[in-house]
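Trainee: Predicted coordinates and the sequence they were generated for:
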Amino acid sequence: MAKEKMKVEVWEDVMCPFCYMGRRLFGAALKEFPGKKDVEIVWHSYQLNPEIKYEPGRDIYSYLADNKSQSREWAMKLNAQLAAEAKKVGLTYNFDKVIVSNTFDAHRLIHMAKKKGLMEQAVERLFKAYFTDGKNIGDRDTLTALGKEIGLDPAEVKKMLESYAYADNVRKDLAQAEKLGIDGVPFYLINEKHTVVGAQPPEVFLHELKEAYSEWKKKV
């Protein structure tokens, strides 16, 4: 019988710049965490904007400016700052190339990949596709190609995307997030008690991991 592990549940959206950075920062903390072999990472879907639609020619700056009732210059300055922060953790954000699109199908692809043991590869590839490569992750042909890249059968991916498969998985994650009152991501729930919100420094994650681990060890 497999040993029970301490759960770290993570809600992310693949169009969230802080989520991508948070993965690197959490990863750095986990690397230093003595009990990392006892940790199980459980990934959950989240959508920053479930209503968003792809509009040809509309860039990330216009989207942010409109969404936040700010100027285009404000959006450009904000993204320049985010790109600089991302670079510090080894990520490249090419905001000039970003294609704003709905992420629901991308989340379905992740759930499919999860079933095949390729969840982590799917999440990483989708983040890179969106922030670095300038790919439209709301386009089903693009998602099929990305699925193939990580080892999924493109015919199976295409069939899945043309159906409603894994839609309930995504909705279940979104409903759970709403129940927990999550209104910002990344959101980390450690051992069903300790929370970390945002792309926090590794030491913040490490502190919460150690606190939760101490409590968990007393129960197992």
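Mentor: That came through fine. All of these numbers come straight from a predicted model, not from anything done at the bench.

Trainee: count of residues packed around Ile110?
Mentor: 28 (other Cβ atoms under 10 Å). To be clear about C-beta, it is placed using only N, CA and C from the backbone, and glycine gets the same treatment.

Trainee: nope, Cys19 is what I was after
Mentor: 22.

Trainee: heads up, I number from 55, so please use that
Mentor: I'll keep to 55 as the first residue from here, and by that count the last item is Cys73.

Trainee: ok, now which ones touch it?
Mentor: Counting by Cβ atoms under 8 Å, 6 or more residues apart in numbering, Cys73 makes contact with Glu66, Asp67, Phe181, Val239, Pro240, Ala253.

Trainee: Restricted to helices, list those residues.
Mentor: Phe181 (DSSP state H).

Trainee: Go through the contacts of Cys73 and single out the one with the most neighbours.
Mentor: Counting by other Cβ under 10 Å, top hit in the contacts of Cys73: Glu66 with 26 neighbours.

Trainee: and the gap between that residue and Tyr108?
Mentor: 20 Å (Cβ to Cβ, to the nearest Å).

Trainee: quick one: low-confidence parts of this protein?
Mentor: 55-56 (pLDDT under 70).

Trainee: for it, what spans make up the strands?
Mentor: With strands called from DSSP state E, the chain shows them at 60-66, 93-99, 241-244, 248-251.

Trainee: Run a quick neighbour tally on Gln135.
Mentor: For Gln135, using other Cβ under 10 Å, the count is 10.

Trainee: And Ser217, by the same measure?
Mentor: Neighbours of Ser217 using other Cβ under 10 Å come to 10.
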